[in-house]
Structures are given as C-alpha cells and as structure tokens.
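A.B. asks: Here you go, sequence then predicted model.
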Amino acid sequence: MAYPCAKESALLEVSGLYTVYPSARGMVQAVRNVSFAVSRGEIVGIVGESGCGKSALLLSIMGLLPSPGRIAQGQILFDGRNLVDLSEPAMRSVRGKEIAMVFQDPMTALNPAHRVGEQIAESLRVHGGVPELAAGDGGQARGAGGFIRRRLWKRGLSAVEERRYVIELMRNVGIPLPEHRHLEYPHQFSGGMQQRIMIAIALACRPKLLLADEPTTALDVTIQAQVLDLMEEINRITGTAIVLVTHDLAVAADFCDSIAVMYAGQIVERGPTDAVMEDPAHPYTRGLLRSMPVLGNRKPLQPITGEVPDLANLGPGCSFAPRCDLSEKVCLEEAPSVSAIGQGHEARCHLR
Amino acid sequence: MIRLTRTQVKIAERILATIPLALGVAIVAFVFMRAMPGDPVDIMMGEGAWTSEEEMAALRDEMGLDEPIHAQLWAYLKRVLAGDLGYSMIRSRPVAEIIREALPATIELAVFSLLFALAVGIPVGVASALKPNSFVDRAGASLSLLGVSLPAFWLGIVGVLIFSMTLGWLPTSGRIAYDAQPAHITGMVILDAIITGNLPALGNALKHICLPAVTLGLGVAAVVARVTRSSMLDVISADYIQFARAKGVPEGEVTRRHALRNAMIPTVTLVGLQFGSLLGGNMIVETIFGWPGLGRVVVDSIFARDYPVVQASVMVYALTFVLINLATDIIYTVLDPKISL
C-alpha cells in the first residue's frame, strides 16, 4: 500500500511554492517555500492548525486561489506538467478530471438547487463522458425527455449510460437505494451521505489525485471513521492518490502513508507516518502529539501556548520560536533550513 | 374522479381562498367609497347646479342611493356573489364590460414594464456582482439611484419631450394608431397582433408601448439590479460555487447554472411584489401617456364617485395581487427544492 518517496514515480511534486495574498496590512504569506511530493497511489497527510496555509496550499494546486491571492514563486509538477504555467482552459481540464477535490462541509459545498445525480453527472459532462467505459448501449435513451437532455447536456454520452454510471458511483460510495436517491436534493441527505456524494462527484472522472480538505471535520465523530474508511477503500481499489488535509494528527496517523506538518505556511516536518509519529523531530510536532488526548491517560493535556504568528508580518527567525520551549538565540535570529532526520524524514529546525 | 397531486390540491385551495378575500375587499371598498364626501349625483350635477332638490332626490332614488347603507351593502354583496358587478353610474355601461376593456391594456403595460425591468436589472445586477467596484458596478449603482429617485411623471414627460417631440421617434400617447388595430382576440393588442400575424399592428403597438413601459419599469429595473447584485454576491462566495469550479465547470456555466439560479430567489420575491404594484400603481403613467387602462378608469371613477366601478376595480387589484403571490410561491418551489407549497 505504501509507496515510500520514490521520486521517479511522483505524481505530484510541489517545490519551492510561495503563495501570497496582498492585503492592507502587507503581503500575507500563506504558503512559504513548500516542497513535497505525492507518489501514485500514496496517501499524504498535511497536518496543521487553522490558518497555517493548508487550504491555500490545496487551492494553489487546484489553481483556484481566490483573488487577489496568487502563486508568487515555485512550481507544481503534476504528471510531468507544471500546473503554475497552465492556461485557464488547460487547468480546467485538469480540475475535476485528473485532480479532484473534496470540501470540508458537504452541507454548503453541494448546490442546494440541483438533484444530486445531476451534480454527479455534471462532472462527467464537463469532461466529456464516462471514463474508460465500454461504449455499448449508447444512444438508447428514448422519449422526448431523454432526447432533450441528450441534446442539451450530453457530449458523447447517452442519458441512460450516464444515469447508470451515476447510480453505480453512488452505490460504490455506499449510498443505499441509489436508483431512487439520485433524484433527490442535497438537503434530503444526512451529513455523512452528503459527504459520500461529494466523494462520488470527485471520483466521477476517476482522477489520479484526490485533494481532501478536512473532509470529516463537519461530520459527527461516528461518521468520520466511515468516510475515512471509504476513502481508504477507494485508494486501495482505484489507486487514486490522496492528499488529506486535516488538523487532526490522529486521523492523519491512522490514514496516511506519510505526513507533512505545516506551521505558519511552512512544512516544518515531513516523513513516513511511522517515523514522524514515533520520532517527531520538530518541537511543533511534539507539541501537537502532547496536546492529543489518549484514551485511558489521566494526565492533563499540554496545549501549545501562545498564538500563531501574523503571516503578513513574520520575523527573521524560526516562525515557531516564540512558542517553542526549546528556543535558543539562533532560533529568533535565523530561519532554520531543512535537515534530514532519517530515510525520507526531515525537519525544519535549528536544533536537529 | 380527477386525481390531483398534493401541489395541485394546495394550488386549488389557495385559489378558493381568494373568494372570502374578495368579499372582504368588496366590503372595505364599499365602506371607504361611501365614507368619501359627496355622491355621484352631487358630482354629476356640479356645485350650485340648476338642478332642483326634487330632481336630485329622484336620481338618487333611481340609483338606489337613498336606501340605508347596510341595505345597499347587502344588495351589493348579493349581486357580487351572483357574479354581477353592477352598472356604472356615470358611464351607463356594465362594470364588467368596462373592466374587460381596460384590464388587458393595463396587464400589457405591466408585463412589458416588467420585461424591461428584468432584461435590464438582472444582467446589470449579475455583472455588478461578478466584478464589484468595476466600472459596470459603479455605473449600475449610480443609474439605480437615479432610476428609483426619478418620479414617473417627470420621467414620462421628459421622455415624451425627447423621443416624441424632439426626435419624433415615438408617439406621444395612446396604445395603437386607430387605423392599425388588429383583430380583437385577447384585448392585448400586442398579443393579438402576434396571433393574427399582423406585423404593421405589432410594430405600431410596440412603438406606443416603449415610452410608458420604460417609464414605469425603470424604477423596478433599478431595484431588481440592486437586489440581484447583493444576492449574487452572497451566492458567488458560497462553497458550492468553488466546488463547481473544482469540478472543472467553465466560469460562464458556474455563473448561470450554479449561481444565478440560487441568486434568483430574492429577485423573484421582489418581482412578485413589484408586478402587483405595476398593475395597480400605474395611474400616473397611464394618465401621462393616455393609456386606456384600468388605472385611468379608477382615477376617473373615484373623481366621479362611480361606486360600482371603483369597488369592482379594487377587487380586481386585490385578486391579481393574490394570484401573483401564488405564482411567486410556485416559482419558489421550482428554484429552491427545499420549499414546498
């Protein structure tokens, strides 16, 4: 299941990425010098607290940074192409087709005015039909309704074929009675089912990479595990690589092959999950682990004190230094560079 | 036995519910008209008239005005329930006939004003929301302010001055040239012209309706533009818009299929309310442009204390409001699947 950092088969390779948002207070550096790679079929977790630049990183990859945000520097290599240089139409054919995204809150991310089946089918229509599906009984949609639908929406895909594929997708993500429920609207589904629909939409075109932005945060705890299991199963069966963004280190530890910990727009530590969890090299990672509740442990949790630095106004030193109980003089004066800890395991800390 | 769906039953209920409402409106209109000083006979004969008291009393007797008010009301309600709107005291014609003649002209004008308002207001609102603070947005905001602030009587007269008197492009008043009238089918000359394929009549009628429709619709266009802009701004920052982009949906389709449909709900509310007032509040515009609609009939009838005509017109206004509200509610259910009747 794991594909440890095999550079030659990297599906996504982000290097030296800087994403900035000009604002009245100055340039907000949401993503600073971020480099990481995702191999085919790998699950990578990006962990960090709110406002650390996780979402900005995902939106940079998707080319969907809200104005006035922009990528200032760096490259995003995906399957041999640099996404930063792609034109908008070229990027649009990557979005949803090769790289799909699952949003945090399915309640607000599904369009309330369209039937869920239609929303799943829309991805197919946009990208020209059912992927890798044998052209068998195409064009069998009968009746005026089918005809009109075909005329209006279809590009190389019959309405019947499309519906069958949509129902199959819904069944695959574990929605009961998809034959009926594809005609329902998002508000008729529970939060967990809505998230499954969003995953079905994301998977419709069989993307090579799935970006999941806190896909379980808006769900009940009992449903979280189900959704994660579903994503794991998809990864195993289809080989879709997944980038899971979460603030929950425990989720990442369970689910991911490798983990990158983000703090103040930078990746401060990354490596295979086992290495990071067993031998956390960066004080921030250790802080996150200490602030994680463990069942049966009666000792009080140790939160990380202090606040996240202002990304528009960063000092010269390590951005975690003001909150770090180990910080020394050098930490406040000089930005640390990346140092190797072990096989594929590295951290951005002066003390290593 | 006809089987009805739940929605159809609800619609039928709403329509039936208008009957007691209409009666209530009839009573209110009746009472208010009687509360106004003077009666049709006074107005007809004028002040200090030559007519003798005996002649006036005879006239009142003939019109039934000498009966006690409650008896008059009772008689009136009985007639209304039987479907008889009565007889105009001044025009000596059945009220139903007067309304049947005037209402199509008013509906036609209201519909064209609304079409104008939507055709201008929605695109301006959407364009303003897509590029806030752009030139289009600022220009739209200024014009909207102008559109709501300019009173119809001023706008109408200036329009006539420019387009009719100076440029000579459009007629000053009226609905259609006398010699261009199409065959009478619905009473709405534009619709009749289209049905009969009478192109000269269509052109003539469209020329006549331009100025009054724009005069009446400009204020509505301004409000539609503002409301569409603000609801569109809300919607385009919604997650599902970003999600649609993440699916690879082209920007134009994101706006049309995903944003506009959700943004239209407040606009529909507004349009429902505005359409009611376009139908019922166009007395000034109809007077300026000599438009032979219900608004003018009502104004004339109020001045003449022509009780039956005013009462019937008020009922028509009330019913159109109710029906427009019903139509608005039905459109909601189409736009937002969470809403049902």
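C.D. replies: Sure thing, it's come through.
A.B. asks: Any buried residues in the helix or strand that contains residue A:125, and which?
C.D. replies: If you go by DSSP states H and E, residue A:125 is part of helix A:116-126. Within helix A:116-126, the residues scored as buried using 16 or more other C-beta atoms under 10 Å in any protein chain shown are A:116, A:117, A:118, A:119, A:120, A:121, A:122, A:123, A:124, A:125, A:126. C-beta: built from backbone N, CA, C; applies to glycine.
A.B. asks: how distant is the helix or strand of chain B with the lowest mean pLDDT from the center of its chain?
C.D. replies: Lowest mean confidence among the helices and strands of chain B (mean pLDDT, DSSP states H and E): helix B:40-45, at a mean of 72. Taking C-alpha atoms, centre = their mean, to the nearest Å, the mean C-alpha location of helix B:40-45 is offset from the chain mean by 30 Å.
A.B. asks: could you say what helices and strands that helix packs with?
C.D. replies: On a contact count with 3 or more C-beta pairs under 8 Å, 6 or more residues apart in numbering or on different chains; DSSP states H and E, helix B:40-45 meets helix B:53-63.
A.B. asks: Now do the helix it packs on: everything it contacts.
C.D. replies: With contact meaning C-beta atoms under 8 Å, 6 or more residues apart in numbering or on different chains, helix B:53-63 is reached by B:39, B:40, B:41, B:42, B:44, B:45, B:66, B:89.
A.B. asks: Next, give me the two most distant ones among the buried residues of helix A:116-126.
C.D. replies: Within these, A:116 and A:126 form the most distant pair, 16.2 Å apart (C-beta to C-beta).
A.B. asks: Identify each buried residue in stretch A:311-330, please.
C.D. replies: Judged by neighbour count (16+ other C-beta under 10 Å), stretch A:311-330 contains these buried residues: A:311, A:312, A:314, A:317, A:318, A:319, A:320, A:321, A:323, A:324, A:327.
A.B. asks: likewise stretch B:225-242?
C.D. replies: B:225-229, B:231-233, B:235-236, B:238-242.
A.B. asks: Equivalent analysis for stretch A:253-272, please.
C.D. replies: A:253, A:255-272.
A.B. asks: what about that stretch, average pLDDT?
C.D. replies: Stretch A:253-272 carries an average pLDDT of 92.
A.B. asks: next structured bit after the longest helix that chain B contains?
C.D. replies: In chain B, taking DSSP state H as the definition, the longest helix is helix B:199-236. For helix B:199-236, the following helix or strand on the C-terminal side (DSSP H and E) is helix B:239-246.
A.B. asks: circling back to that earlier point, among the buried residues of stretch A:253-272, which lie within helices?
C.D. replies: A:253, A:255.
A.B. asks: Give me the subset of the buried residues of stretch A:253-272 that lies in strands.
C.D. replies: If you go by DSSP state E, the buried residues of stretch A:253-272 have A:258-263, A:266-272 in strands.
A.B. asks: Make CSV from these and add distance to residue B:133 to it.
C.D. replies: Formatted as CSV, these follow (distance: C-beta to C-beta, whole Å):
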residue, distance to residue B:133
A:258, 44
A:259, 42
A:260, 38
A:261, 39
A:262, 33
A:263, 35
A:266, 34
A:267, 36
A:268, 38
A:269, 42
A:270, 41
A:271, 46
A:272, 49
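A.B. asks: what about stretch B:238-254, start to end distance?
C.D. replies: End-to-end span of stretch B:238-254 (C-alpha to C-alpha, to the nearest Å): 12 Å.
A.B. asks: try stretch B:281-296
C.D. replies: Stretch B:281-296 has an end-to-end distance of 10 Å (C-alpha to C-alpha).
A.B. asks: starting at the chain centroid, how far to it?
C.D. replies: Centroid separation for stretch B:281-296 versus its chain: 11 Å, with C-alpha atoms, centre = their mean.
A.B. asks: what pLDDT does residue 60 get?
C.D. replies: Unless you meant another one, I'm taking chain A. What the model reports for residue A:60 is a pLDDT of 93.
A.B. asks: hmm, I had chain B in mind actually
C.D. replies: pLDDT for residue B:60: 78.
A.B. asks: Show me which residues of stretch B:184-195 are buried.
C.D. replies: Neighbour-count burial for stretch B:184-195 [16+ other C-beta under 10 Å]: B:188, B:189, B:190, B:191, B:192, B:193, B:194.
A.B. asks: Does the fifth one touch residue B:175 like I think?
C.D. replies: No - counting by C-beta atoms under 8 Å, residue B:192 does not reach residue B:175; the two are 11.5 Å apart.
A.B. asks: which residue packs closest to residue 116, ignoring adjacent ones?
C.D. replies: Because you didn't say which chain, this covers chain A. residue A:197 (5.0 Å; C-beta to C-beta, 6 or more residues apart in numbering or on different chains).
A.B. asks: you looked at the wrong chain, it should be chain B
C.D. replies: residue B:217 (3.9 Å).
A.B. asks: okay, now that neighbour: neighbour count?
C.D. replies: Residues near residue B:217, counting by other C-beta atoms under 10 Å in any protein chain shown, number 28.
A.B. asks: So it is in contact with residue B:111, correct?
C.D. replies: No - if you go by C-beta under 8 Å, residue B:217 and residue B:111 don't touch, sitting 10.1 Å apart.
A.B. asks: before we move on, back to that, tell me what the helix holding residue A:125 is packed against?
C.D. replies: If you count contacts as 3+ C-beta pairs under 8 Å, 6+ apart, helix A:116-126 packs onto helix A:159-172, helix A:191-203.
A.B. asks: can you list contacts of it?
C.D. replies: In contact with helix A:116-126 (C-beta under 8 Å, 6+ apart) are residues A:96-97, A:100, A:110-111, A:114, A:130, A:153-155, A:157, A:162-163, A:165-167, A:169-170, A:181-186, A:189, A:197, A:200-202, A:204-205, B:244, B:247-250, B:253, B:257.
A.B. asks: and it, how far from the chain's centre?
C.D. replies: In terms of C-alpha atoms, centre = their mean, the centre of helix A:116-126 is found 21 Å from the chain centre.
A.B. asks: Report the mean per-residue pLDDT for stretch B:262-278.
C.D. replies: Stretch B:262-278 carries an average pLDDT of 85.
A.B. asks: One more: stretch B:6-25?
C.D. replies: Mean pLDDT, stretch B:6-25: 82.
A.B. asks: in it, what's buried?
C.D. replies: Neighbour-count burial for stretch B:6-25 [16+ other C-beta under 10 Å]: B:10, B:11, B:14, B:18, B:22, B:25.
A.B. asks: ok, back up a step: chain A versus the residue nearest to residue B:116, what's the distance?
C.D. replies: 27 Å (C-beta to the nearest C-beta, to the nearest Å).
A.B. asks: Report the contact partners of that residue.
C.D. replies: For residue B:217, the contacting residues are B:112, B:113, B:114, B:115, B:116, B:117, B:120, B:278, by C-beta under 8 Å, 6+ apart.
A.B. asks: Give me every residue in the stretch 51-200 of chain A lying close to chain B.
C.D. replies: Contact residues, the stretch 51-200 of chain A versus chain B (C-beta under 8 Å from any C-beta of the partner chain): A:62, A:64, A:66, A:92-97, A:100-101, A:103, A:105, A:108-115, A:122-123, A:126-127, A:185, A:187, A:198.
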